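Asker: Predicted model and sequence below, questions to follow.
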Amino acid sequence: MDSASIRSDFPILKDLIYLDSASTSLTPEPVLQSVLDYYRGYKANVGRGVYRLAQLADQRYRDSHRKVARFVGGEEGTLVFTRNATESINIVARGLRWKKGDKVVTTLLEHHSNLLPWIRLKKEGVQLEALLPDDQGKLDLSDFEKAIDDETKLVAVSQLSNAVGTLIPVKEISRICRDHGAALLVDGAQSVPHFSVNVKDLDCDFLCFSGHKMLGPTGTGALWVKNVSEIEPLLVGGGMVEDVCDYDYDIKKGFEGFEAGTPDISGGIGFGAAVDYLTRVGMKDIQDHERLLTRRLLAGLQEIKDVEVYGPLDLEERGGVVSFNVKGLMPHEVALMLDQASNIMVRSGHHCCIPLMRHLGLKYGTVRASLYLYNTKEEIDKLLGALEQIAGMA
């Protein structure tokens, strides 16, 4: 992987070290250019006009759907553009046909986006069971075998924890789901940007992920659905109807039936350009690069006195999201020190996982460094050196 060439596409990196890609990734120049090209060269609405600009915009927007679908092996099924993984999950939560007594199984490792929609359904009579991780942030597969039964309508799990970096055994969970006729939703917000994910390999029914975490513009995301007839659209209105007659309507086939109103056209085109960029670099190379950096970071953190690391230490059980604390300091204090003294950007707090942090006894959360293709060994070493100084002062 040509790190120097990659970093030249991210001018912001000349002034700082960015280690918060789990929140939102940086956006490379080719993706920005694709967005500007739309506004400068062929801005028009999609799915409506027959004139030249409208046809070009429509073609590019549809091409982006195909690119993103192909990126996750989702050529079969339907891929809908959304604003983010949160909206994708909510489309499923509000669109499935629930009845009282149906059951949802999830985990306490989940981002609020894959927890709150199910809590809301609980208030409507749907059963909810959230499985607890151990003190290393790992889940026991036998807990899924006990929890998933014939009343389970849906199992909703992240493939990789955004808070402590745990990899969740989605394929094994899928097999349990099939034994009981339960559908499987995978929150791929932290996995799809970092290693190859294929919906056929996972055997899932829904895959949700965010474009802004994988080099795309903010306000972009995707929902892949195996059988689109199983859910109702979240929104109805302009652009998503085939016909309206006698106080009834027929929705369009495919993604258009779930994208009411004018979408973020430039964002969708930028999302497709981001997928092109990742494909050119190679997902295997990205995964290998991140594993190298993660190994270096974990080893270095464990050598610093008064630094505690959370989540699995085995690289086979985790991704490049590394949470830790410095004894005697609040997470926000550490993050501010890193920013002000070393121009290092990390996340601090609960990471939208308040129930998990409470379960782990982390009242104020953690400091989190999350890695991506544009980070380097030198940046990891600078982070470790800065943390060593901070820990020595605490």
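Answerer: Structure received. Numbers count the residues shown, from 1 in each chain.

Asker: Could you report the separation of the residue most central in space within the chain from Ser370?
Answerer: Here the mean C-alpha position of the chain is nearest to the C-alpha of Ala189 (Cα atoms, centre = their mean), at a distance of 1.0 Å. Using Cβ to Cβ, to the nearest Å, Ala189 is found at 12 Å from Ser370. All C-beta spots, glycine's among them, are computed from the backbone N, C-alpha and C.

Asker: Outline the domain layout of the protein.
Answerer: Using automatic domain parsing, the domain parsing of the chain gives 3-24+282-393, 29-280.

Asker: Output these in a markdown table; the columns should cover mean pLDDT.
Answerer: Output for the domains of the chain, formatted as a markdown table (pLDDT from 0 to 100):
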| stretch | mean pLDDT |
| --- | --- |
| domain 3-24+282-393 | 97 |
| domain 29-280 | 96 |
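
Asker: now the helix or strand where Ala54 lies: how far from the chain's centre is it?
Answerer: According to DSSP states H and E, Ala54 maps onto helix 52-71. Averaging C-alpha positions (Cα atoms, centre = their mean, to the nearest Å) puts helix 52-71 22 Å from its chain's average.

Asker: repeat for stretch 15-35
Answerer: With Cα atoms, centre = their mean as the basis, stretch 15-35 stands 15 Å off its chain's centre.

Asker: do stretch 331-348 as well
Answerer: On Cα atoms, centre = their mean, the centre of stretch 331-348 falls 23 Å from that of its chain.

Asker: What segments of the stretch 151-300 of the chain are strands?
Answerer: Assigned by DSSP state E, counting those that start in this stretch, the strands in the stretch 151-300 of the chain fall at 152-158, 183-187, 206-210, 221-225, 241-245, 248-251.

Asker: other SSEs contacting the second one?
Answerer: Same thing as strand 183-187. Applying 3 or more Cβ pairs under 8 Å, 6 or more residues apart in numbering; DSSP states H and E, we find strand 183-187 packed against helix 85-95, strand 152-158, helix 170-180, strand 206-210.

Asker: and the last one, which strands flank it?
Answerer: According to DSSP bridges, strand 206-210 has the following sheet partners: strand 183-187 (parallel), strand 221-225 (antiparallel).

Asker: returning to what we had before: mind checking the strands of the stretch 151-300 of the chain for the one nearest to Val275?
Answerer: Nearest of the strands of the stretch 151-300 of the chain to Val275, taken as Cβ to Cβ: strand 221-225 at 9.9 Å.

Asker: and that closest one with helix 85-95, angle?
Answerer: If you take axes from the mean of the first three to the mean of the last three Cα atoms, to 10 degrees, strand 221-225 sits at 40 degrees to helix 85-95.

Asker: List every C-alpha atom in strand 221-225, with coordinates, as PDB.
Answerer: In PDB, the C-alpha atoms belonging to strand 221-225 read as follows (Å, rounded to 0.1, in the frame of the first residue of the first chain):
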ATOM      1  CA  GLY A 221     -25.300   5.700   4.400                       C
ATOM      2  CA  ALA A 222     -26.700   2.500   3.000                       C
ATOM      3  CA  LEU A 223     -29.300  -0.200   3.800                       C
ATOM      4  CA  TRP A 224     -29.000  -3.500   2.000                       C
ATOM      5  CA  VAL A 225     -32.100  -5.700   2.200                       C
END
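
Asker: Numbering from 838 from now on, please.
Answerer: Sure, I'll start numbering at 838, so the last one becomes strand 1058-1062.

Asker: Show me what it is in contact with.
Answerer: Outside strand 1058-1062, the residues within contact range by Cβ atoms under 8 Å, 6 or more residues apart in numbering are 905-906, 909, 911, 914-925, 928-929, 1036, 1042-1049, 1068, 1095, 1108.

Asker: and that strand with helix 889-908, angle?
Answerer: Going by the same axes, to 10 degrees, strand 1058-1062 makes 60 degrees with helix 889-908.

Asker: Quick check: the gap between the residue lying farthest from the centre of the chain and Gly1094.
Answerer: Distance to the chain centre peaks in the chain at Asp1083, reaching 41.2 Å (criterion: Cα atoms, centre = their mean). According to Cβ to Cβ, Asp1083 stands 20 Å off from Gly1094.

Asker: go on, Gly1002?
Answerer: Plainly put, Gly1002 is 36 Å away from Gly1094 if you go by Cβ to Cβ.

Asker: And for Ser858, the neighbour number?
Answerer: A count of neighbours around Ser858, defined by other Cβ atoms under 10 Å, yields 26.

Asker: No further queries at this time; thank you.
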